[in-house]
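> no sequence on this one, just coordinates:
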């Protein structure tokens, strides 16, 4: 599982403050702590309060690059913010994200190619959030075929089925999980799949339990990557154990420790 | 279709030269493969498999005549034996088995064995593998002083097992050696033992796995599948099993009936003088295909054949 740490996001108070004051220490601390906890990459999001996201993202990227060379996931709905981040990035980049709308694909796919970046594709469009599996697959196919036509390999594409909160969209959960599996058969080579996990428990009470149960199920449906809080130890333990059960790791009595030694 | 691997086998250095504080003429590097055995089109094969000549501290009583004959003139003199391997048979690596320390096979003292190790290091200048006698309690007395006697020579010392790894791990760590981690044809235990040893402070890139093998006809395929599974996991990024393998080919092959039974007993099997050599060589070549990095062997003719085979394979 490719684990993307979600904690560097301006919507969290201390990160928001740090961005405002240009205080590197908290950003770098969150970066290192998430990597230590098992993150393979770090999501970087200026958050809703940032007034100058175009320059803030550059500061964030440069600040994090001072302490790690792990991949950074540039997270913004505004293509100009993404492009600004790409201009200063030295680490491997992943763009988070495009939608299935042509206007966005037209900008972000060429950028991903130019910077040899990965690209997260949300199965969503200006028409709204898909209501069932077929709509998700249709949007996924739109993104995959656009990328193929532009010579962007599906191997660098991460399709996100859009995880909805279980307390508002219970009826969709099965469709979301099945989409993860079916995205993989859209093309050869297969696109990768990703979820932004914590949305599933948005507004719920037992957030951590809901998160790890959904993640475990998504792993069984073939999920490749997840944007999560890697410092949620029970979540990480459940993830490692899911992969163990799917024979992705060799069992030993200390398999949790073994995974963390990787 | 070519596989793309993300991991690779760790590189172990055996032997230290003068510049590094030891006295070996060269360092032998094993491991470092970034692909399955000999698929050079898919990834780097950093180092070739190596053969170590097995030398005992006492004259082995159970080696068949056809094998013992090759060392008849030096059988009870380990120093001369090692020297013969290096000078006559061009051995690049010696594996000293301290069988004589075993309470039932001579019961040599730790000091006697340490002295032998010191003398052997003076007699020959190739890197050294040191093995205990197999009796845990005795090995825990003998191996630490032998580690000390070979301090800074960066030997490979064995064996640690799941229920007896602490003493040896500490000694190996203190004196700058590498360790052999032995598991009974069991990948789960192999992985667990590596974690236990690395928790003692000895880094994973100082561990060589002895997966335990069977000779041709005696479970070779089990060892093969264990080694293949570990290697696939290593190449996929699991560092806890990304260690080179050592295989005790001589020990297992020469126990096989097919290697040692006389022609009188089985006339249709042909002369045992050729059969044993072939049994050892074929066992070795199969294990090389499974990913063996160090082969501890006995008969010089078998070793010659295997070295040729390795050279051919490495031509790609």
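Yes, it's here. Bear in mind that the values here come from a model prediction, so they are computed numbers and not experimental data.
> Residue 166: how many residues sit nearby?
No chain in the question, so chain A it is. Neighbours of residue A:166 under the rule other CB atoms under 10 Å in any protein chain shown: 19. Yep, even glycine has a C-beta here, placed from its N, CA and C like the rest.
> Actually, chain B is the one I wanted.
13.
> can you check residue A:189 too?
11.
> For it, identify the helix or strand it belongs to.
Using DSSP states H and E, residue A:189 sits in no helix or strand.
> Likewise for residue A:107?
helix A:102-114.
> helices and strands around whatever helix or strand comes next after that helix, which ones?
Counting by DSSP H and E, the next helix or strand C-terminal to helix A:102-114 is strand A:118-122. Packing partners of strand A:118-122 (3 or more CB pairs under 8 Å, 6 or more residues apart in numbering or on different chains; DSSP states H and E): strand A:93-98, helix A:102-114, helix A:133-149, strand A:157-160.
> Please repeat the previous calculation with a cut-off of 6 Å.
strand A:93-98, strand A:157-160 (3 or more CB pairs under 6 Å, 6 or more residues apart in numbering or on different chains; DSSP states H and E).
> out of those, deepest packed?
Of all the helices and strands packed on strand A:118-122, strand A:157-160 has the most neighbours on average by mean count of other CB atoms under 10 Å in any protein chain shown, namely a mean of 28.
> which secondary structure elements does the next helix or strand after that one contact?
Going down the chain from strand A:157-160, the next helix or strand is helix A:173-183, by DSSP H and E. Packing partners of helix A:173-183 (3+ CB pairs under 6 Å, 6+ apart): helix A:133-149.
> helices or strands next to the helix it packs on in the packing?
Helices and strands touching helix A:133-149, by 3+ CB pairs under 6 Å, 6+ apart, are helix A:173-183.
> Now do the helix it packs on and helix A:133-149, the angle between them.
30 degrees (axes from the mean of the first three to the mean of the last three CA atoms, to 10 degrees).
> ranges for the strands of the stretch 151-262 of chain A?
A:157-160, A:192-196, A:225-228 (DSSP state E, counting those that start in this stretch).
> Next, format those as a markdown table and append distance to chain B and mean pLDDT.
Listed next are those as a markdown table, based on distance: least, CB to the nearest CB, whole Å; pLDDT from 0 to 100:
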| stretch | distance to chain B | mean pLDDT |
| --- | --- | --- |
| strand A:157-160 | 17 | 98 |
| strand A:192-196 | 14 | 98 |
| strand A:225-228 | 15 | 98 |
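> ok, back up a step: could the helices and strands packed on strand A:118-122 be laid out in a markdown table, adding distance to residue B:67?
Converted to a markdown table, the helices and strands packed on strand A:118-122 look like this (distance: least, CB to CB, whole Å):
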| stretch | distance to residue B:67 |
| --- | --- |
| strand A:93-98 | 60 |
| strand A:157-160 | 59 |
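> who's in contact with the helix holding residue A:107?
A:79, A:83, A:95, A:98, A:119, A:146-147, A:150, A:152 (CB atoms under 6 Å, 6 or more residues apart in numbering or on different chains).
> Ok, stretch A:167-181 next?
A:132-133, A:136, A:161, A:163-164, A:193, A:203-204, A:217-218, A:221-223.
> For those residues, pick the one with the most neighbours.
Neighbour max across the contacts of stretch A:167-181 (other CB under 10 Å) = residue A:161, 29 neighbours.
> isn't that residue right next to residue A:136, touching?
Yes. If you go by CB atoms under 6 Å, residue A:161 and residue A:136 touch, sitting 5.3 Å apart.
> Need the residue closest to the centroid of chain A.
Centroid-nearest residue in chain A, with CA atoms, centre = their mean: residue A:227, separated by 4.0 Å.
> For that one, name its beta-bridge partners.
For residue A:227, the beta-bridge partners are residue A:4, residue A:196 (DSSP bridges).
> from memory it sits against residue A:196, does it?
Yes. With contact defined as CB under 6 Å, residue A:227 reaches residue A:196; the gap is 4.6 Å.
> for chain A, which spans come out with low pLDDT?
In the predicted model of chain A, residues A:262 satisfy pLDDT under 70.
> quick one, phi psi at residue B:164?
phi -160, psi 80 (degrees, to the nearest 10).
> Okay, it and residue B:137: tell me how far apart.
Distance from residue B:164 to residue B:137, counting by CB to CB, to the nearest Å: 9 Å.
> which residue does the stretch 201-316 of chain B bring closest to chain A?
residue B:240 (4.6 Å; CB to the nearest CB).
> Not counting its neighbours along the chain, what's nearest that residue?
Once flanking residues are discounted, residue B:240 sits nearest to residue A:258: 4.6 Å by CB to CB, 6 or more residues apart in numbering or on different chains.
> Name the nearest residue to residue 123, sequence neighbours excluded.
You didn't pick a chain, so chain A it is. In this structure, residue A:123 finds its nearest non-sequential neighbour in residue A:139, 4.0 Å apart by CB to CB, 6+ apart.
> Chain B was what I was after
Residue B:123 sits nearest to residue B:79 (CB to CB, 6+ apart), 4.7 Å away.
> In which helix or strand does the one you found reside?
helix B:78-87.
> Quick one: name whatever helix or strand follows that helix.
strand B:94-97.
> so for the helix or strand just after that next one, what's the average pLDDT?
Counting by DSSP H and E, the next helix or strand C-terminal to strand B:94-97 is helix B:110-123. Across helix B:110-123, pLDDT averages out at 98.
> Next SSE downstream of helix B:110-123?
Downstream of helix B:110-123, the next assigned helix or strand under DSSP H and E is strand B:128-131.
> ok so, going back, measure how far the helix holding residue A:107 is from the centre of its chain, please.
On the basis of CA atoms, centre = their mean, to the nearest Å, helix A:102-114 is displaced by 18 Å from the centre of the chain it belongs to.
> Return the set of buried residues in it.
A:104-105, A:108-109, A:111-113 (16 or more other CB atoms under 10 Å in any protein chain shown).
> Excluding chain neighbours, what is closest to residue A:130?
Per CB to CB, 6+ apart, closest to residue A:130 is residue A:136, 4.7 Å.
> Please report how far the one you found lies from residue B:225.
From residue A:136 to residue B:225 the distance is 41 Å (CB to CB).
> Can you pull the phi and psi angles for residue B:311?
According to degrees, to the nearest 10, residue B:311 has phi -60, psi -40.
> re the thing from before, tell me which other helices or strands the helix holding residue B:79 touches.
By 3+ CB pairs under 6 Å, 6+ apart, helix B:78-87 packs against strand B:50-56, helix B:110-123.
> quick check: angle from that helix to helix B:110-123?
30 degrees.
> Report the buried residues of helix B:78-87.
Residues of helix B:78-87 classed as buried: B:78-79, B:81-86 (neighbour count, 16+ other CB under 10 Å).
> by how many degrees do it and strand B:50-56 diverge?
Using the same axes, to 10 degrees: helix B:78-87 against strand B:50-56 is 160 degrees.
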